[in-house]
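Undergrad: I need the structure of the sequence given here:
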Amino acid sequence: MPMAQDSENIRYEEDFVLNPRGLKLFTCKWLPANQDPKAMVFLCHGYGMECSISMKGTGIRLAKVGYAVYGVDYQGHGKSSGLQGYIPNFDDLVNDSSDYFTSICEEEENKMKLRFLLGESMGGAVALLLHRKKPKFWDGAVLVAPMCKIAEKMKPHPLVIKLLNKLSRIIPTWKIIPTKDIIDIAIKNPEKREEVRNNPLCYKGKPRLKTGHELLRVSLDIEKTLHQVSLPFMIVHGGDDIVTDPSVSRLLHESAASSDKTFKLYPGMWHALTSGEPPENIELVFSDIVAWLDERAVTGNSRLEIERKVEHDEVVLQGKKVLAETYFERLT
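TA: Next up is the predicted model:
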């Protein structure tokens, strides 16, 4: 059953939906309680994370300033079904997100609202692939320290990639990929670090073989198509981020075909810009994100203008048709 609660002039709701593979996916939303939303923002969370707790701050902040915010936990993440931390096919994450987000956009009251994506880390890759899946559907994206290319110094040797590919077919769920403790190097604020450690919905084990293979595959795939990114976007990245490479975000900004693109680098900040920094840093990042969203929410965009014109033309055409039918009825 859906759960709802109100606080701070925000209405929070959560529910479950079924994906085409019969898995239950957890969904949540933060809505401004006393105004019609300026636009819709769809959250794409990072690897091992989830929406209801990890991205609660983002949902509340954006809803407070007038945005309707929607999130879905991927398969194997958060409160959704599936083996925790296991990504058997990255395309499923993208398709599930696309199906759910599209269903929200197609609700009658949302059809004429702007649609923005907000992807963090691995969620940045999800956002870019959602854009690739429907190039004209989204009105913009905020990419927070996105995973969109593997830095050359981090790229595995081709023989390692070949071995990983073979092993992932034999023992896909094994947690044997050696990695650093991401929490220690991603989250600067010690209190926030402990919050994530104590959050049972966050996956904190070693990456499973198939998961590692899928993340590598997707990173290499996105790397080849950075020049095809054409939607308006804003990248925010910490200058001292060692989880995803700021220089790769700069490359995306330089390579993308988009005419409306912004890149903001925050010296001294780490990976978890929207939740793991000291409060003053988080305030700075969100003030930049909200300013970017507000500017586009006010000015609108060509997609909505075209859809409004089509809708207007259809109404006019229908009216003319009715008048013509009435005229001919009178003649006969």
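Undergrad: got the residue ranges for the helices in this protein?
TA: For the chain, applying DSSP state H gives helices covering 56-64, 90-105, 122-133, 158-170, 182-186, 190-197, 209-224, 246-255, 279-299, 302-331.
Undergrad: can you list contacts of the fifth one?
TA: I take that to be helix 182-186. Helix 182-186 has contacts (Cβ atoms under 8 Å, 6 or more residues apart in numbering) with Gly48, Arg193, Val196, Arg197, Lys204, Ile242, Val243, Trp270, His271, Ala272, Gly276. Using the backbone N, CA and C atoms, a C-beta is placed for each residue, glycine as well.
Undergrad: Nearest to Ala39 among those residues?
TA: Ala272 (24.7 Å; Cβ to Cβ).
Undergrad: distance of the closest one from Lys111?
TA: Applying Cβ to Cβ, to the nearest Å, the value for Ala272 to Lys111 is 34 Å.
Undergrad: Over to Phe90?
TA: Per Cβ to Cβ, Phe90 is found 29 Å from Lys111.
Undergrad: who has more neighbours, the two?
TA: More crowded of Phe90 and Lys111, by other Cβ atoms under 10 Å: Phe90, with 21 against 11.
Undergrad: Isn't the more buried one up against Ser219?
TA: No. With contact defined as Cβ atoms under 8 Å, Phe90 does not count as touching Ser219 (9.8 Å).
Undergrad: which residues sit in contact with Ile87?
TA: Counting by Cβ under 8 Å, 6+ apart, Ile87 makes contact with Tyr74, Gln75, Gly76, Leu93, Arg208, Lys210, Thr211, Glu214, Leu215.
Undergrad: And the buried ones among those residues, selectable in PyMOL?
TA: Only the buried entries of these go into this PyMOL selection, using 16 or more other Cβ atoms under 10 Å:
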select buried, resi 74+75+76+93+208+210+211+214+215
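Undergrad: Now render the contacts of Ile87 as TSV, adding pLDDT and distance to Ile60.
TA: Below are the contacts of Ile87 laid out as TSV (pLDDT from 0 to 100; distance: Cβ to Cβ, whole Å):
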residue	pLDDT	distance to Ile60
Tyr74	98	21
Gln75	98	26
Gly76	98	26
Leu93	98	24
Arg208	92	32
Lys210	94	34
Thr211	93	30
Glu214	94	31
Leu215	92	29
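Undergrad: rewinding a little: now do the shared contacts for Phe90 and Ser219.
TA: Common neighbours of Phe90 and Ser219 (Cβ under 8 Å, 6+ apart) are Ala125.
Undergrad: follow-up on the earlier one: which members of the contacts of helix 182-186 are classed as buried?
TA: Burial by neighbour count, judged by 16+ other Cβ under 10 Å, picks out Gly48, Arg193, Val196, Val243, Trp270, His271, Ala272, Gly276 from the contacts of helix 182-186.
Undergrad: Pop the domain breakdown of the chain in here.
TA: Following automatic domain parsing, one gets these domains for the chain: 3-300, 308-332.
Undergrad: quick one, which of these is packed in tightest?
TA: Neighbour counts (mean count of other Cβ atoms under 10 Å) averaged over each of the domains of the chain peak at domain 3-300, with a mean of 18.
Undergrad: Leu117 against Ala127, yeah?
TA: Yes. Between Leu117 and Ala127 there is a contact under Cβ under 8 Å: 4.2 Å.
Undergrad: Quick check: neighbours shared by these two?
TA: If you check Leu117 and Ala127 against Cβ under 8 Å, 6+ apart, the residues they both contact are Cys44, Ala141.
Undergrad: which ones among the contacts of helix 182-186 are found in strands?
TA: The strands, defined by DSSP state E, take in nothing from the contacts of helix 182-186.
Undergrad: What is the nearest of the residues you listed to Thr262?
TA: Using Cβ to Cβ, those come closest to Thr262 at His271, 19.3 Å.
Undergrad: Tell me the spacing between that closest one and Met55.
TA: For His271, the distance to Met55 equals 15 Å [Cβ to Cβ].
Undergrad: chain center to stretch 26-40: distance?
TA: Offset of stretch 26-40 from its chain centre (Cα atoms, centre = their mean, to the nearest Å): 16 Å.
Undergrad: correction: stretch 158-165
TA: Its chain's C-alpha centre and that of stretch 158-165 lie 29 Å apart, by Cα atoms, centre = their mean.
Undergrad: can you dump the C-alpha coordinates of it into CSV?
TA: Output of stretch 158-165 as CSV, limited to C-alpha atoms (Å, rounded to 0.1, in the frame of the first residue of the first chain):
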residue,chain,number,x,y,z
PRO,A,158,42.8,-5.5,-21.8
LEU,A,159,43.8,-9.0,-20.4
VAL,A,160,42.1,-8.1,-17.1
ILE,A,161,39.0,-7.0,-18.9
LYS,A,162,38.9,-10.3,-20.8
LEU,A,163,39.4,-12.3,-17.7
LEU,A,164,36.6,-10.4,-15.9
ASN,A,165,34.3,-11.0,-18.8
